[in-house]
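[1] pasting the sequence and the predicted model now:
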Amino acid sequence: MILDIATVDHDVELDADVCVVGSGAGGAVVAHQLAAAGRTVVVVEEGSYVTGAAFTQREEQMLPRLYAEQGVQSGIDSGVAIARGRALGGSTVASLCVCMRLPRQIVAHWATHFGLAGLRFDELTQWFAQVEATAQVQPLAASEVNRNNALLQTGAARLGFRTTVPAHNRVACLGCGFCALGCAYARKADALTVQLPAASRLGAVIIPSCRVERIEVRDGKAAGVAGRFLNMPGQKRASLAVRAPTVVLAAGAIGSPALWLRSHLPNPYQQVGRNLHLHPQVMVGGVFADEIAGWQGIPQSVVVDEFLDLDRSVEGGYLLSGFFAHPMTVAALLPGFGGAYHQLLGSYAHLGMAAVTLHDRSAGHVELDAAGQVTITYHLGDDDRADILDGMRRLADVYFASGAQRVVLPYNEPVELTRRGDYRPIDEIPFRVNDPLLFSYHPQGTLRMGIDARHSVVNGWGEAHAVGRLFVADASIFPTSTAVPPQLSIMAFAARTARHIVEKS
Ligand SMILES: Cc1cc2nc3c(=O)[nH]c(=O)nc-3n(C[C@H](O)[C@H](O)[C@H](O)COP(=O)(O)OP(=O)(O)OC[C@H]3O[C@@H](n4cnc5c(N)ncnc54)[C@H](O)[C@@H]3O)c2cc1C
């Protein structure tokens with residue numbers, strides 16, 4: 001059952017075997033698996049239940065409806081703009097559907113450096129296969145690569161850079177291009193469309209528009225959650241209490257540490273909220289003589305993985321991937337002011353756009369301020385800055401190789417490159433906070449896995465070191481950056497944790 005919160009006019013108390021907080025990539029998979037194993041499950045989600053015609057494909061409506069903080073949340077020094085979902089289905093509703101498995105080198109690194117001896121790539125394969133089957137992950141057809149992504153493919157091929165067309169969790173996609181605003185045609189196999197309805201059919205109670213304010217602990221063990229319904233104008237906001245001997249925290253890499261801290265759960269080694277990785281991105285644009293109409297078709301279908309060499313080093317490196325958006329977002333991403341900016345926006349139809357996505361070594365921190373609000377600190381280290389600048393050079397190479405007349409870089413003042421190889425501005429402009437503009441869609445790592453409680457928060461199965469029967473199943477658990485887009489890995493680990501919960505109870 002997915003609760004229609006318009007029917008809630010009094011405080012609600014429920015009992016369940018398991019309460020799951022958050023309904024995104026991790027929470028939805030856990031809920032589905034546990035319901036399939038016969039457990040009574042309650043899922044509590046802060047975001048609202050959006051379906052069908054409510055996906056209006058308008059940025060000014062959908063960004064506040066689907067994203068936390070009305071669209072983006074910035075770090076304490078505004079150094080990076082973070083976009084994360086806040087809706088039933090979490091960030092998967094806004095996802096571009098790229099599905100990549102966690103690289104084997106990263107798994108091996110976690111096993112050896114974080115004492116996760118039970119973690120093996122071949123053991124994870126079954127979980128990846130399972131979540132791929134459920135999320136209907138399949139390769140894209142060549143005809144689904146749109147013009148914007150084809151530019152990347154062509155330029156990279158001319159330069160001999162390795163590319164891949166990753167699989168996607170979309171079915172009979174119409175190619176309307178509005179993925180980041182949620183799918184109006186229900187063609188994404190996201191948590192809203194697949195795992196949550198499946199869990200609901202198996203008896204799970206799914207409660208949208210209700211914020212969990214506290215995780216309850218009794219005698220050192222999770223005992224349930226307390227929350228409050230949102231979106232109830234003119235009424236007293238009703239409360240929710242779920243009594244459950246197992247709680248799964250899946251509120252995402254910002255929401256989960258925040259809730260941990262708000263609940264005053266044990267934090268003996270001050271690890272909660274640390275180790276935030278963001279996969280920071282910078283956008284690079286190419287202006288072409290021909291019309292590209294980058295907003296049409298699947299936004300992200302080509303990835304250049306030449307510069308992510310995990311055999312050489314499990315740390316550092318980056319991906320280049322096609323990226324396009326609708327006018328409001330593109331206007332926010334493009335550099336400059338006044339007439340020059342107006343002229344650049346005028347070339348929207350002729351723009352190719354792609355992003356450098358960093359496999360970041362830098363680690364930030366999620367904390368609460370005195371008012372209990374989230375603060376995010378994140379600074380790029382020198383190695384990561386060098387990789388960002390290198391990525392901009394390589395993307396410029398790719399665009400010139402595919403015929404760009406000029407290349408636009410994401411600095412505050414307009415910076416354009418007009419010739420391949422003449423990249424002096426990249427070398428000369430000092431790297432400052434928010435200049436170039438960094439953004440992030442993949443926060444992770446803030447309640448990380450490990451064997452040693454002095455350096456981690458949960459064990460290799462996602463169970464908290466410091467609280468019994470409290471599990472974490474979201475992007476928070478990753479010990480380092482995943483290197484590749486994380487949603488499939490979050491799902492695979494969540495499925496694995498769900499199995500563990502079933503076996504333990
Ligand atoms: C625009 C966009 C595009 C993306 N594209 C891709 C892609 O193509 N491929 C890929 O691999 N990844 C992509 N990602 C990232 C991916 O979607 C996320 O990494 C993944 O969904 C995170 O899963 P999660 O379970 O950690 O959290 P989420 O999916 O973010 O879910 C967490 C949920 O918890 C809820 N919550 C938080 N606090 C509370 C609380 N106190 N009470 C109740 N509920 C709470 C939130 O509202 C949210 O709905 C994209 C992300 C965005 C924003």
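    Cool, got the structure.
[2] what residues are up against the nearest residue to residue 247 once chain neighbours are set aside?
    Leaving out its chain neighbours, the residue that sits closest to residue 247 by CB to CB, 6 or more residues apart in numbering is residue 222, at 3.9 Å. Any C-beta I mention is one placed from the backbone N, CA and C, and that applies to glycine too. Residue 222 sits next to 215-216, 244-247, 467-470 when contact means CB atoms under 8 Å, 6 or more residues apart in numbering.
[3] which SS class is the residue in the stretch 251-400 of the chain positioned nearest to the ligand?
    Proximity of the stretch 251-400 of the chain to the ligand (CB to the nearest ligand atom) peaks at residue 255, 2.9 Å away. State at residue 255, reduced to three classes by DSSP: H, G, I helix; E, B strand; the rest coil: helix.
[4] now do it, the pLDDT please.
    The model reports residue 255 with a pLDDT of 98.
[5] how near is it to residue 195?
    Relative to residue 195, residue 255 is positioned 18 Å away (CB to CB, to the nearest Å).
[6] the more surrounded of these two?
    Between residue 255 and residue 195, counted using other CB atoms under 10 Å, the more crowded position is residue 195 (32 against 27).
[7] return the residues in contact with the residue of the stretch 251-400 of the chain closest to the ligand.
    Shown in contact with residue 255 (CB under 8 Å, 6+ apart): 22, 46, 68.
[8] now those in CSV, with neighbour count, distance to residue 99 and secondary structure?
    Formatted as CSV, those follow (neighbours: other CB atoms under 10 Å; distance: CB to CB, whole Å; DSSP: H, G, I helix; E, B strand; the rest coil):
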residue, neighbour count, distance to residue 99, secondary structure
22, 30, 20, coil
46, 24, 25, coil
68, 22, 23, helix
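[9] can you narrow those residues to ones near the ligand?
    Filtering the contacts of residue 255 for neighbours of the ligand using CB under 6 Å from any ligand atom leaves 22, 46.
[10] how about TSV for the contacts of residue 255, with pLDDT added?
    Putting those into TSV (pLDDT from 0 to 100) gives the following:
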residue	pLDDT
22	98
46	98
68	95
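[11] just among the contacts of residue 222, which is most surrounded?
    Using other CB under 10 Å as the neighbour criterion, residue 247 leads the contacts of residue 222 with 27 neighbours.
[12] separation between the residue in the chain positioned nearest to the ligand and residue 460?
    The chain approaches the ligand most closely through residue 24 (1.9 Å), counting by CB to the nearest ligand atom. Going from residue 24 to residue 460 by CB to CB gives 21 Å.
[13] residue 123 now?
    11 Å.
[14] what do you get for residue 328?
    Distance of residue 328 to residue 460, computed by CB to CB: 42 Å.
[15] the more surrounded of these two?
    Higher neighbour count among residue 328 and residue 460: residue 460, with 23 against 13, using other CB under 10 Å.
[16] next up, the contacts around that one.
    By CB under 8 Å, 6+ apart, the residues touching residue 460 are 116-119, 449, 451.
[17] count of neighbours near the nearest residue to residue 192 once chain neighbours are set aside?
    The shortest distance from residue 192 to any non-neighbouring residue, by CB to CB, 6+ apart, is to residue 89 (3.0 Å). Neighbourhood size, residue 89 [other CB under 10 Å]: 30.
[18] tell me if I'm right that residue 89 and residue 24 touch.
    Yes: using CB atoms under 8 Å, residue 89 is in contact with residue 24, at 6.6 Å.
[19] for those two, list the residues in contact with both.
    Listed as contacting both residue 89 and residue 24 by CB under 8 Å, 6+ apart are residue 191.
[20] okay, which residue is most central for this protein?
    Relative to the mean C-alpha position of the chain, the nearest C-alpha, by CA atoms, centre = their mean, is the one of residue 442, at 3.5 Å.
[21] that residue touches residue 488, doesn't it?
    No: assessed by CB under 8 Å, residue 442 is found out of contact with residue 488, at 11.9 Å.
[22] who touches stretch 137-145?
    Stretch 137-145 is touched from outside by 99, 131, 153, 165-169, 171, 173, 175, 189, 297-298, 301-302, 488, with contacts defined as CB under 8 Å, 6+ apart.
[23] one more pass at 6 Å, please.
    Defining contact as CB atoms under 6 Å, 6 or more residues apart in numbering, one finds that stretch 137-145 is touched by 99, 165, 167-169, 298, 301.
[24] same deal with stretch 151-168?
    97-100, 137-140, 301-306, 322, 352, 354, 397-398, 401-402.
[25] at 7 Å what do you get?
    By CB atoms under 7 Å, 6 or more residues apart in numbering, the list of residues contacting stretch 151-168 from outside reads 97-100, 137-140, 145, 286, 292, 301-306, 320, 322, 352, 354, 397-399, 401-402.
[26] check stretch 358-378 too.
    Applying CB under 7 Å, 6+ apart, the contact partners of stretch 358-378 are 75-76, 79-80, 82, 254, 257-258, 261-262, 273-280, 308, 315-318, 379-381, 383-384, 387-388, 446, 481, 483.
[27] may I see the ChimeraX selection of the buried members of these?
    Selecting only the buried members of these in ChimeraX, with burial defined as 16 or more other CB atoms under 10 Å, works like this:
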select :75,79,80,82,254,257,258,261,273,274,275,276,277,278,279,280,308,316,317,318,379,380,384,387,388,446,481,483
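[28] dump the residue contacts of the nearest residue to residue 317 once chain neighbours are set aside.
    Leaving out its chain neighbours, the residue that sits closest to residue 317 by CB to CB, 6+ apart is residue 308, at 4.1 Å. Neighbouring residues of residue 308 by CB under 7 Å, 6+ apart: 317-319, 359, 483.
[29] can you redo the contacts of stretch 137-145 as TSV with neighbour count?
    Converted to TSV, the contacts of stretch 137-145 look like this (neighbours: other CB atoms under 10 Å):
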residue	neighbour count
99	25
165	17
167	19
168	25
169	25
298	25
301	26
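[30] report the two of the residues you listed separated the most.
    The two members of the contacts of stretch 137-145 with the most space between them (CB to CB) are 165 and 169, at 14.4 Å.
[31] quick one, longest helix in the chain?
    Across the chain, the longest stretch assigned as helix under DSSP state H is helix 382-401.
[32] tell me the helices and strands packed up against it.
    Counting contacts by 3 or more CB pairs under 7 Å, 6 or more residues apart in numbering; DSSP states H and E, helix 382-401 is packed against helix 147-159, strand 281-287, strand 318-322, strand 351-358, strand 406-409, helix 424-428.
[33] still on that earlier bit, how about the nearest residue to the residue nearest to the centre of the chain once chain neighbours are set aside, secondary structure?
    Residue nearest to residue 442 in three dimensions, not counting chain neighbours: residue 279, with 3.9 Å by CB to CB, 6+ apart. Secondary structure for residue 279, judged by three-state DSSP, is coil.
[34] and residue 340, its phi and psi?
    Here is the backbone geometry of residue 340 (degrees, to the nearest 10): phi -60, psi -40.
[35] once you drop chain neighbours, what's closest to it?
    Spatial nearest neighbour of residue 340, chain neighbours left out: residue 414 (5.1 Å); criterion: CB to CB, 6+ apart.
[36] correct me, but the one you found touches residue 339?
    No: under the criterion of CB atoms under 7 Å, residue 414 is not in contact with residue 339, lying 10.3 Å apart.
[37] show me which of these two is the more surrounded one.
    Taking neighbours as other CB under 10 Å, residue 414 and residue 339 compare with residue 414 leading, 16 against 8.
[38] how close does that one sit to residue 128?
    Note on residue 414: its distance to residue 128, by CB to CB, is 43 Å.
[39] perfect, that will be all.
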